[in-house]
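*Asks:* Return a 3D structure for these sequence lines:
(chains A and B)
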Amino acid sequence: MKAIARTDTDTSRVLALAGFALRSNLRSAMWRGGMVAFVLIAGFSLVSSWRSSGAWSLESDFLYFGYLTAALFCLRSGLAQQRETGLLTYLRHNFVQPLEHAAGVALALVGNWGLITALLFALALICSAGDAAAAAWLAWSYGLWMAVLLPFVLLVESVSGMRTPLLIPVLGYFALAVILSGLLGTRTMMGILAIGGDRHDPSAWIQVGARGALVLSVGLGSFLLLTWAGDFRRRHRSGRTGSRGRAAGRSTRG
Amino acid sequence: MLTLRDVLVRRGPNTVVEALNLEVRAGSIFWVVGPNGAGKTSLLRVMAGLDTPGAGTVTWTSTPEEPFLYFQSEMAIPPSATVGDWERLTLRVLPGRCDGGRTSLWPGAGPDRRTGRLSTGERKRLLLDSLLRRPGPLLLDEPFEHLSPDAKAALAEILEERARTRVVVVATNQATRRAERDGGLRLEGGVAEPLTGERACLR
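*Replies:* As a prediction, this is how the structure comes out:
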């Protein structure tokens, strides 16, 4: 028995939901804290590099740590918060289809990721004194590494109210890296997990991009499919003819 | 019309009410009254289709253009969102034929004001205002909680107007004269009894 009569998905509602979730996140204290931490770590990286070698090095890990720190604080779709405040039920029951809502929060998460990765590019550009190719490589490789974890962020937010939903996928990722490294060796592990690569090699760009895009699209697609399937089952459970009585309950909409 | 036939409502291992037969029609508000823990929320969730009854059937007869609407007192907007964010979202997700204007419940506030800085009552008024811009039958769980007297009066007026032509079910823990007048259901100790009222719709 679903309240919303329309079953078609409206793109404008999806965009409105995405905008709302993204703006709510951007205005939060955790977002601001994550951005400040990112800038501070990048600044530390720059100062530290200049002091030791007179120039910033692309091999410096601090920008990666800054990016990861920012993502841990900032990367959220809003799904968990809306679920915990009851807003999820309010929106899905009264205004939008579950699939529209799911698409909206997924889009908000991707937008969130895009903003953090854009800041990574900007900071890398500053740290490298304007080396756009180096900055682009960092943003591309780190960004698409992070993109692989986005579907898992949605999964964590679907079942938990954690304020840092990226933490679980990151821990899982590193645990997987340790296991693969132990089983297959470090080089093979890095190949499987698309870590590293030569920025001067075009195939490395393609490999990183393809892997990230594939996992992201499959992951997000699975999330939307599960949402649609859950809603389909709920709607059609109401129309199922079943035995009356204590064993079976039924809700129908005439 | 909302029809319940031999409905069994459970909350965990406890039975809230069983073998409930009910028909709710438009005409006046249908009140579900009972103390805390009586199972009003559980019953409304079953009516709304959010939970499946343990037995029996729940049937709504409504038009596709006016699906029934559900509200629960604990619903809230993320505190970091602003009033402007919320109003933008509401206007974009309201169906085209709905009146986009505010009800008397929400007098408005600065668009940059964070919803986290509104009082509980104000946040609730904002949510109810958005909901009530849509036509359609209503299922409201403790809508009057946390509201100021003027907001309660405004909400009551809106609900009474809506109830003339559509089903309106309101759950509350306070039996009022209005509830006694309109009729409904009293839930207590696993037993459902009709409230005295003009409409005898509980069988």
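
*Asks:* show me where the stretch 1-150 of chain A has helices.
*Replies:* A:11-26, A:29-53, A:62-74, A:79-84, A:87-94, A:98-127, A:132-159 (DSSP state H, counting those that start in this stretch).

*Asks:* Quick check: buried residues in the fourth one?
*Replies:* This points to helix A:79-84. Residues of helix A:79-84 classed as buried: A:79, A:80, A:81, A:82, A:83 (neighbour count, 16 or more other Cβ atoms under 10 Å in any protein chain shown). In this view, the C-beta of every residue, glycine as well, is placed from N, C-alpha and C.

*Asks:* now the residues you listed in TSV, with distance to residue B:14 and pLDDT?
*Replies:* Listed next are the buried residues of helix A:79-84 as TSV, based on distance: Cβ to Cβ, whole Å; pLDDT from 0 to 100:
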residue	distance to residue B:14	pLDDT
A:79	31	94
A:80	29	93
A:81	30	93
A:82	29	94
A:83	25	92
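
*Asks:* near chain B, from the residues you listed?
*Replies:* The subset of the buried residues of helix A:79-84 within reach of chain B, by Cβ under 8 Å from any Cβ of the partner chain, is A:81, A:82.

*Asks:* Report how many residues lie close to the residue nearest to residue A:129 when sequence neighbours are not counted.
*Replies:* Leaving aside its sequence neighbours, residue A:129 sits nearest to residue A:56 (Cβ to Cβ, 6 or more residues apart in numbering or on different chains; 7.2 Å). Using other Cβ atoms under 10 Å in any protein chain shown, residue A:56 has 23 neighbouring residues.

*Asks:* May I ask you to name the longest helix in chain A?
*Replies:* helix A:202-237 (DSSP state H).

*Asks:* Over to chain B?
*Replies:* Longest helix of chain B, by residue count under DSSP H: helix B:149-163.

*Asks:* what lines up beside the helix or strand that comes right after it in the sheet?
*Replies:* For helix B:149-163, the succeeding helix or strand toward the C-terminus, using DSSP states H and E, is strand B:168-172. Paired strands of strand B:168-172, with direction, are strand B:30-33 (parallel), strand B:138-141 (parallel) (DSSP bridges).

*Asks:* How far off centre is the last one?
*Replies:* Computed by Cα atoms, centre = their mean, to the nearest Å, the chain-centroid distance of strand B:138-141 equals 1 Å.

*Asks:* pLDDT on it, on average?
*Replies:* Mean pLDDT, computed over strand B:138-141, is 95.

*Asks:* picking that back up, would you format the strands paired with strand B:168-172 as TSV with mean neighbour count included?
*Replies:* Formatted as TSV, these follow (neighbours: other Cβ atoms under 10 Å in any protein chain shown):
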stretch	mean neighbour count
strand B:30-33	26
strand B:138-141	24
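
*Asks:* Could you save the ones you listed as a markdown table and add columns showing distance to residue A:122?
*Replies:* Below are these laid out as a markdown table (distance: least, Cβ to Cβ, whole Å):
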| stretch | distance to residue A:122 |
| --- | --- |
| strand B:30-33 | 56 |
| strand B:138-141 | 48 |
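
*Asks:* Make JSON lines out of the helices of the stretch 1-150 of chain A and add distance to residue B:141.
*Replies:* Formatted as JSON lines, the helices of the stretch 1-150 of chain A follow (distance: least, Cβ to Cβ, whole Å):
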{"stretch": "helix A:11-26", "distance to residue B:141": "24"}
{"stretch": "helix A:29-53", "distance to residue B:141": "31"}
{"stretch": "helix A:62-74", "distance to residue B:141": "34"}
{"stretch": "helix A:79-84", "distance to residue B:141": "17"}
{"stretch": "helix A:87-94", "distance to residue B:141": "11"}
{"stretch": "helix A:98-127", "distance to residue B:141": "21"}
{"stretch": "helix A:132-159", "distance to residue B:141": "24"}
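
*Asks:* Can you verify residue B:145 is assigned to a strand?
*Replies:* No - residue state for residue B:145 (DSSP: H, G, I helix; E, B strand; the rest coil) corresponds to coil; a strand is not indicated.

*Asks:* Quickly list what the most centrally placed residue in chain B is bridged to.
*Replies:* Geometric centre of chain B, nearest residue: residue B:140, 0.8 Å, by Cα atoms, centre = their mean. Beta-bridge partners recorded for residue B:140 (DSSP bridges): residue B:71, residue B:170.

*Asks:* was I right about it contacting residue B:171?
*Replies:* Yes - Residue B:140 lies in contact with residue B:171 (Cβ atoms under 8 Å); the separation is 7.0 Å.

*Asks:* residues in contact with stretch A:144-162?
*Replies:* A:67, A:71, A:75-77, A:79-81, A:83-84, A:105-106, A:109-110, A:113, A:116-117, A:165-166, A:168-170, A:172-173, A:194-195, A:208-209, A:211-213, A:215-216, A:218-220, A:222-223 (Cβ atoms under 8 Å, 6 or more residues apart in numbering or on different chains).

*Asks:* so what's residue B:66 up against?
*Replies:* Per Cβ under 8 Å, 6+ apart, neighbours of residue B:66: B:135, B:136, B:137, B:166.

*Asks:* which intervals of the stretch 51-200 of chain A have sub-threshold pLDDT?
*Replies:* A:58-59, A:193-196 (pLDDT under 70).

*Asks:* Which residues of it lie near chain B?
*Replies:* By Cβ under 8 Å from any Cβ, the residues of the stretch 51-200 of chain A that approach chain B are A:78, A:81-82, A:85-87, A:89-91, A:93-96.

*Asks:* Mind doing that once more with 10 Å?
*Replies:* Proximity of the stretch 51-200 of chain A to chain B (Cβ under 10 Å from any Cβ of the partner chain) is limited to residues A:78, A:81-82, A:84-96, A:100-101, A:104.
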